[in-house]
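Visitor: when you get a sec, could you give me coordinates for this:
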Amino acid sequence: MFLRPEIVRRAIDQLAHVHPFFGITFLVCKEGKLPVGSTHPFPINNAEEAFLRKYYRPNLGSKFFFQPFRTSQTGRWLSERYPSTGSQKTRTAGLLSNAFIHKRATNLWGWKLDYVRVLQEKLEQDKTGRVPAFWLAAWLFRNRDLRPRTKASDLVLTLLKEFFITDEEREGLLQTTIPDLPDPLLSEDIFQENFVLRDFEPPPDAFPEEGGTLRELRLRNVGPVFEADFLPAERISIITGDNGLGKTFLLECCWWSLTGQWAERQALPHDPKRRTSIEFVIASKDDFPARKTIEFDSKTFRWPATKERPTIPGLVVYARVDGSFAVWDPARHYEDIPGDSAPGLLLFSRDEVLNGLGNKIEGLIRDWVRWQNLKDQSLFGMFCKVLNRLSPPDMAPLQPGESLRMAGDSRDIPTLLHDYGTVPFINESAGVRRIVTVAYLLVWAWNEHRVHATLSGKAPQDHIVLMIDEIEAHLHPKWQRVILPALLDVTSLLNKEMTAQVIVATHSPMILASMENAFSEVSDKLFHLYLEEPSLNTVRDVKLDEIRYFKHGTIDAWLTSEVFELKQPRSREGESALEQAERLLAESSSNSREIAKVNQALKDVLPADDPFWPRWLHFAEMKDIKL
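Guide: Residues are numbered from 1 along each chain as shown. Purely as a prediction, here's the structure:
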């Protein structure tokens, strides 16, 4: 049995006010049985280094030590030189040095007779109170396999025993009362350092984790919002809301958090006089989340570059609503390309996606024909499978035909086969062009990633983040009902082991309805942007809430849900007429002139078979009014 990670994480908070001396040097000297009133040979630097290796080096592949105590300019992470630098200075200079008997340039050390009083004075000077014994024990013994019935008091007794703490030291330096603790204290799970340290900066020598996905995005005074917390789902996050409230803005901030670069224009402060920040958490495959907070620099009017990113995201593909695309390829991240400060970042306009951009991308027109004519048909076969899965219902599957030449163009132009004939891709409808382009970029980005991963001697990523703005753009309602579930299947066509985090923004009730049989409360989330209710003398803020996904069945029911907020699934005139009629139905008294006026309004907007007519005609009959 091991201490629960929540207990150890709390220990870090409870020890944050304590001087490091009491959790390191003091215990090292006690463990080494330093004499009182005399000295003996004691290689204290070596002893401290061994102690730090045993208790303060998390199993994260770093040479640095993590200390949970009061921090200085060195921060939480201590270098291997700490015993002979920072700690040695504490032992030989200042108030704490008065607790020791020590001759300079020797390994002779001992406690002075009044050392406990000196250490008490240090605690009083720091105004920290006595050292919390339980929390110190919780940190030191966090990796220890404990007996199932171990109690909090047992940990304190173990601390006192293993470090030979005297009664005078216990009474003068330690707080041994047991704090209020959650039950149970122990867990059967083996203790994991990464959970406890996820909110702290990684050690300076940490090699960035790869394959990360976005876990948290917290905006403060950015763009249209004063405060918004976006915690994307593991699989699908759907963002809804009225025009102008920030759906695209939220996707842009997600992209920036993952890649460190804006796809186009940077987000700006909501109120220039307030502190502005973006905080994000990117979690790697081994579930070691890395938190980063970036504050807007009002002097340079820019977001500072996110240097030494603790986690590198997996492959990211962002389909923007204007037809442009952004791609982040972690396999290119470390390439040294002259003049390219962000080699992993690829931004393509709609025209560049189709026609190419230098040595970055050949473009859909050329690549499609080239893939189709390659002897190895694996890439073209993958492209065809993706097209087939994304095809609209009630139409023949999107199937490539033979390329052809067109007047005024020196290239071979790819085509699609339809029931009504062969159509050059450049003449296709806007909806077909967008979905085919999404299919192409996914296949292209995955293939390029595989190539560059091979060149760098690394295994390809098995995770992709796919972001699509206004996923329903240009699509017929029939197509809208299937496109999002289809996208979930597409990534497995690229790689059977591939998992995807999908973040989409939409205005369409068809998109929400399409997920009724696929939405999972475990792995998916629905978010809603809205204007808060107005109040006197205040500006209405934009809010972002996670809302529960309910099956509404019909599209009408989705339109009148809290997601789309329509009062009636009708025209505005029809909604107004029905509201007037409902008001009369609820009133105990109404005159024939009002009823006749509303009746005419209903006749103007409602069809003859509308289900509201029987109720309305019965009402008029009860009022003895002929309509």
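Visitor: show me which helix runs longest in the chain.
Guide: Longest helix in the chain by number of residues (criterion: DSSP state H): helix 430-455.
Visitor: which residues touch the closest residue to Leu186 other than its chain neighbours?
Guide: Setting aside the residues directly before and after it, Leu186 is nearest to Met1 in space (Cβ to Cβ, 6 or more residues apart in numbering), at 4.1 Å. C-betas here are computed from N, CA, C, even on glycine. Met1 sits next to 145-148, 150, 186-188 when contact means Cβ atoms under 8 Å, 6 or more residues apart in numbering.
Visitor: in strands only, show me those.
Guide: Here DSSP state E is the test, and the contacts of Met1 give 186-187 as lying in strands.
Visitor: out of the contacts of Met1, which is nearest to Ala50?
Guide: Among those, Asp145 lies closest to Ala50 (Cβ to Cβ), at 21.1 Å.
Visitor: next up, phi/psi of the closest one, please.
Guide: Dihedral angles of Asp145 (phi, psi; degrees, to the nearest 10) stand at phi -80, psi 110.
Visitor: shouldn't it be in contact with Phe2?
Guide: Yes. If you go by Cβ atoms under 8 Å, Asp145 and Phe2 touch, sitting 6.6 Å apart.
Visitor: neighbour count winner among those two?
Guide: Neighbours per residue (other Cβ atoms under 10 Å) separate Asp145 from Phe2, with Phe2 holding more: 20 against 9.
Visitor: got the contact list for the more buried one?
Guide: 142-146, 186-191.
Visitor: would JSON lines of those with pLDDT and distance to Arg274 be doable?
Guide: Below are the contacts of Phe2 laid out as JSON lines (pLDDT from 0 to 100; distance: Cβ to Cβ, whole Å):
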{"residue": "Arg142", "pLDDT": "93", "distance to Arg274": "39"}
{"residue": "Asn143", "pLDDT": "91", "distance to Arg274": "43"}
{"residue": "Arg144", "pLDDT": "93", "distance to Arg274": "47"}
{"residue": "Asp145", "pLDDT": "93", "distance to Arg274": "49"}
{"residue": "Leu146", "pLDDT": "93", "distance to Arg274": "48"}
{"residue": "Leu186", "pLDDT": "92", "distance to Arg274": "45"}
{"residue": "Ser187", "pLDDT": "90", "distance to Arg274": "42"}
{"residue": "Glu188", "pLDDT": "89", "distance to Arg274": "47"}
{"residue": "Asp189", "pLDDT": "86", "distance to Arg274": "42"}
{"residue": "Ile190", "pLDDT": "83", "distance to Arg274": "44"}
{"residue": "Phe191", "pLDDT": "82", "distance to Arg274": "41"}
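Visitor: of all these, which comes closest to His418?
Guide: Nearest to His418, judged by Cβ to Cβ, of these is Asp189 at 56.4 Å.
Visitor: and the closest residue to the closest one other than its chain neighbours, what pLDDT?
Guide: Distance criterion Cβ to Cβ, 6+ apart; nearest residue to Asp189, sequence neighbours excluded, is Phe2 at 6.8 Å. With respect to pLDDT, Phe2 scores 93.
Visitor: and Phe2, what are its phi and psi?
Guide: Taking degrees, to the nearest 10 as the convention, Phe2 sits at phi -130, psi 160.
Visitor: check which element follows the longest helix of the chain along the chain.
Guide: For helix 430-455, the succeeding helix or strand toward the C-terminus, using DSSP states H and E, is strand 463-468.
Visitor: max-length strand in the protein?
Guide: Secondary structure of the chain per DSSP E: the longest strand is strand 209-222.
Visitor: for that one, enumerate the helices and strands it packs against.
Guide: Helices and strands touching strand 209-222, as assessed by 3 or more Cβ pairs under 8 Å, 6 or more residues apart in numbering; DSSP states H and E, comprise strand 225-230, helix 247-259, strand 277-283, strand 289-295, strand 311-313, strand 463-468, strand 499-505.
Visitor: which helices and strands does the fourth one pack with?
Guide: Contacts of strand 289-295 with other secondary structure elements, assessed using 3+ Cβ pairs under 8 Å, 6+ apart, are made with strand 209-222, strand 277-283.
Visitor: who's in contact with stretch 368-382?
Guide: Under Cβ under 8 Å, 6+ apart, the answer for stretch 368-382 is 362, 383, 400, 403, 411-414, 425, 440, 443, 447, 493-494.
Visitor: any chance of the helices and strands packed on strand 209-222 in CSV, plus mean pLDDT and distance to Gly23?
Guide: Output for the helices and strands packed on strand 209-222, formatted as CSV (pLDDT from 0 to 100; distance: least, Cβ to Cβ, whole Å):
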stretch, mean pLDDT, distance to Gly23
strand 225-230, 92, 34
helix 247-259, 94, 35
strand 277-283, 90, 28
strand 289-295, 82, 24
strand 311-313, 72, 29
strand 463-468, 93, 39
strand 499-505, 93, 39
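Visitor: related to what we said a few turns ago, give me the mean pLDDT for the longest helix of the chain.
Guide: Across helix 430-455, pLDDT averages out at 93.
Visitor: buried residues in it, which are they?
Guide: 431-450, 452-453 (16 or more other Cβ atoms under 10 Å).
Visitor: now swap in stretch 117-137 and tell me
Guide: Going by neighbour count (16+ other Cβ under 10 Å), the buried part of stretch 117-137 is 118-119, 122-123, 128, 130-137.
Visitor: what comes into contact with that stretch?
Guide: For stretch 117-137, contacts defined as Cβ under 8 Å, 6+ apart pick out 10-11, 14-15, 17-19, 21-23, 26, 70, 95-96, 98-99, 112, 152, 155-156, 158-160, 170, 172-176, 178-179.
Visitor: buried only: go through those residues for me.
Guide: Buried by 16+ other Cβ under 10 Å: 10-11, 14-15, 18-19, 21-23, 26, 70, 96, 99, 155-156, 158-160, 170, 173-176, out of the contacts of stretch 117-137.
Visitor: before we move on, back to that, closest to Phe564 out of the contacts of Phe2?
Guide: Using Cβ to Cβ, the contacts of Phe2 come closest to Phe564 at Asp189, 42.9 Å.
Visitor: one step back: what distance separates the longest strand of the chain from the centre of its chain?
Guide: 4 Å (Cα atoms, centre = their mean, to the nearest Å).
Visitor: next: stretch 20-27.
Guide: Its chain's average C-alpha position is 37 Å from that of stretch 20-27, according to Cα atoms, centre = their mean.
Visitor: so which of the contacts of stretch 368-382 belong to strands?
Guide: Short answer: these in strands (DSSP E) are 400, 412-413.
Visitor: which among those residues gets closest to Ser514?
Guide: Pro400 (26.0 Å).
Visitor: show me the beta-bridge partners of that closest one.
Guide: Listed by DSSP bridges, the beta-bridge partners for Pro400 are Leu416.
Visitor: that one: neighbour count?
Guide: Other residues within reach of Pro400, judged by other Cβ under 10 Å, total 19.
Visitor: any idea how far it lies from Asp394?
Guide: As judged by Cβ to Cβ, to the nearest Å, Pro400 and Asp394 stand 20 Å apart.
Visitor: okay, now the domains of the protein?
Guide: As given by automatic domain parsing, the domain ranges for the chain are 2-196, 209-555, 572-622.
Visitor: with distance to Leu566 added, can I get those domains in a markdown table?
Guide: Shown next, in a markdown table, are the domains of the chain (distance: least, Cβ to Cβ, whole Å):
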| stretch | distance to Leu566 |
| --- | --- |
| domain 2-196 | 44 |
| domain 209-555 | 9 |
| domain 572-622 | 8 |
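Visitor: Pro202 is nearest to which of those?
Guide: Nearest of the domains of the chain (Cβ to Cβ): domain 209-555, 4.5 Å.
Visitor: which stretches of the stretch 251-400 of the chain have low pLDDT?
Guide: For the stretch 251-400 of the chain, the stretches flagged by pLDDT under 70 are 285-290, 306-311, 334-343.
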